[in-house]
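> Pasting a predicted model and its sequence here:
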Amino acid sequence: MNKKIVSCIILILIILTCLTSTAHASASAKVFSNGKSGTYKNCGVYAVDGFATLGYSCTSSMGSITKSSMLSWIKNTGNGYAMYVHTFGGSGYFNDYNGNSITTSDISGNWDFVYIDSSYSAKTSALANAFHTTGYSNRCFLGWSGAVTTGNAEKFNYYFWLDNVGHTTIRLAAINASTGVPGSGTTPTKLYGSTTYKGTAR
C-alpha cells in the first residue's frame, strides 16, 4: 500500500480518536441538605441521584450547611446552573443550619433549575425571580406554596427524584410525585418558569 495512503489513514484514525475521546464538561449542580432532621439527608441523596439522571456533575454538602457555603455556590462564576436546598425557610428566604437567612438580595446569576425545599419557598415568585428562572424557555424554580412536613417532603422527593425526573417535564414530575404522598394538599408544590422544561443539563 502507498505510504501516503497509510499516513492519511493513520492521521484520520488519530483525529477520530481525539474527537470521540474529548471530554465535554457538563453543567454542575450542588445539593445542600440541613442535618437537623434525619429525613433531610435522604432527600439530599435522592437529589444527587436525580441531578445525575439529568446529566449534571453534582456535588453535595449535607449536615451543618452554612450561609457562606451556599452563597459561595450561588455566586459561582463557573459551570454551576442548578441547586437543591433542603432546609427551613419561608417566602423569599431560606436558612442554613444555624438559622442564618439567605434572602433575594443575596442571590445573583442565571440559573437553569433551582429547587428550594422549604415551606413557603414558592408562596410568591420572589426567589424564582431572584434566581432568574422566570421568563425563559429552559429554566424553572420549584418550591412549596405552603407548609410541608419533613416526612411528606421526603416521600415527595423519593418519587420526584428517583421515579419521575428525567422521564418528563419538571412540572409533571412534581405533579406525579405529589400523587404518591397520602392526603390532600400535603405536598403543595409550585413551579415558576417554563412548564415544558425537563431539567436536562445544558
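Sure thing, it's come through.

> The nearest residue to R139 once chain neighbours are set aside: neighbouring residues, count only.
The shortest distance from R139 to any non-neighbouring residue, by CB to CB, 6 or more residues apart in numbering, is to T133 (4.3 Å). For the C-beta atoms, the positions are set from N, CA and C on the backbone; glycine is no exception. For T133, the neighbour count with other CB atoms under 10 Å is 25.

> Could you do D49 as well?
So D49, with other CB under 10 Å, has 15 neighbours.

> ok, it - contacts?
By CB atoms under 8 Å, 6 or more residues apart in numbering, the contact set of D49 is W161, L162.

> What of V148?
Here V148 is in contact with S119, F156, T186, T187, P188 (criterion: CB under 8 Å, 6+ apart).

> got it, and G193?
Here G193 is in contact with A128, T133, T134, G135, Y136, R139, C140, F141 (CB under 8 Å, 6+ apart).

> ok, back up a step: roughly how far apart are the residue nearest to R139 and E154?
Per CB to CB, to the nearest Å, T133 is found 24 Å from E154.

> any idea which helix or strand carries D49?
helix 38-53 (DSSP states H and E).

> same deal with W73?
Per DSSP H and E, the secondary structure element for W73 is helix 67-74.
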